[in-house]
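S.K.: This is a predicted model, with the sequence first.
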Amino acid sequence: MTRHRHTARDLAQIAIFAGLIAALGLPGAIHVGSTGVPITFQTLGVMLAGALLGPRKGVLAVAVFEVLVAAGLPLLSGLRGGIVWFTTAPSAGYPWGWLLGAFVVGLATRRLLPAYRLWLALPLTAVGGMLVVYAVGVPVTALNADIGLGAAFIDSFKFWPGDVVKVIVTVLIAGQVHRAYPGLLGRSTAPPARVDTSIHDRAGTGERV
């Protein structure tokens, strides 16, 4: 069984992205609809964590953030904190979906490298950052808000425009970062070095042929 050992750099990256997700909650939340599930910027941080850190560290960054929230720190948008936001609140499914979403975005991004094609990254990031998150969040909203699954699904429409923009922003940032730092997820975009076998030194003469 493979055991992962996190370096100081790994831990710093995880902490930075956990802080980024928290910081994206500072602008507050937009409440639309009757379910009480708000529109926030924090999903952008979740997508970026997966796209820039990969599946394992991306999930850990989201998990660190959520552990702090569960402990009572008001880090969710709208200064919300406490275990209730992961259990009985209508929005409780979305933070759980963030974990799975970060994993899927990270896994898809790693598979895309070394050639990070934007046209392919867009739909794959949307699957992880939107569809996977909704697949967890919508049923929990229906359960906790005591409404039908169809009504909860319709309620999720309010997230779509903003989340599409977040997907585009994530892909554009990830494309630039992975070009600048090709080995960030352990896959280099640099082509393998080629050895020119047509040039040799003749022993003792220094002559090249």
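M.R.: Looks like it came in fine. Numbers count the residues shown, from 1 in each chain.
S.K.: for this protein, what spans make up the helices?
M.R.: If DSSP state H is used as the criterion, the helices of the chain fall at 8-23, 42-70, 93-112, 118-126, 132-144, 149-155, 160-180.
S.K.: Same list, these, but as CSV with mean pLDDT, distance to G33 and mean neighbour count please.
M.R.: The way it works is simple: take the backbone N, C-alpha and C, and place the C-beta from them, glycine included. Formatted as CSV, the helices of the chain follow (pLDDT from 0 to 100; distance: least, C-beta to C-beta, whole Å; neighbours: other C-beta atoms under 10 Å):
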stretch, mean pLDDT, distance to G33, mean neighbour count
helix 8-23, 96, 23, 17
helix 42-70, 97, 17, 24
helix 93-112, 97, 14, 23
helix 118-126, 96, 22, 17
helix 132-144, 97, 10, 21
helix 149-155, 95, 5, 16
helix 160-180, 96, 13, 17
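S.K.: so which of the ones you listed comes closest to G82?
M.R.: helix 42-70 (7.2 Å; C-beta to C-beta).
S.K.: That closest one vs helix 8-23, what angle?
M.R.: 100 degrees (axes from the mean of the first three to the mean of the last three C-alpha atoms, to 10 degrees).
S.K.: going forward can the numbers begin at 21, since that is how I track them
M.R.: Understood, numbering begins at 21; the last thing we discussed is helix 62-90.
S.K.: How far away from the center of its chain is helix 62-90?
M.R.: 6 Å (C-alpha atoms, centre = their mean, to the nearest Å).
S.K.: how about the residue nearest to V158 when sequence neighbours are not counted, what does it touch?
M.R.: For V158, ignoring the flanking residues on the chain, the nearest one in space by C-beta to C-beta, 6 or more residues apart in numbering is A172 at 4.8 Å. Contacts here follow C-beta atoms under 8 Å, 6 or more residues apart in numbering; on that basis A172 touches 55, 158-159, 161-162, 165.
S.K.: Reformat the residues you listed into TSV and put distance to G148 next to each item.
M.R.: What follows is the contacts of A172, written out as TSV (distance: C-beta to C-beta, whole Å):
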residue	distance to G148
T55	23
V158	16
P159	18
T161	19
A162	22
A165	25
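S.K.: And these, which two are furthest apart?
M.R.: So, the contacts of A172 by C-beta to C-beta: farthest apart are T55 and P159, at 12.7 Å.
S.K.: I'd like to know how many residues surround the closest residue in space to A91 that isn't next to it in sequence.
M.R.: Once flanking residues are discounted, A91 sits nearest to G101: 7.8 Å by C-beta to C-beta, 6+ apart. Neighbourhood size, G101 [other C-beta atoms under 10 Å]: 16.
S.K.: How about the contacts made by G101?
M.R.: 89, 91-95.
S.K.: Among those residues, which lie within strands?
M.R.: Using DSSP state E, no member of the contacts of G101 sits in strands.
S.K.: So for F106, what's the pLDDT?
M.R.: Here the pLDDT value assigned to F106 is 97.
S.K.: Please disregard the earlier target; I meant L205.
M.R.: L205 is assigned 85 on the pLDDT scale.
S.K.: Give me the spatial nearest neighbour of it, chain neighbours excluded.
M.R.: Take L205 and drop its neighbours on the chain: the residue closest to it by C-beta to C-beta, 6+ apart is G74, 4.6 Å away.
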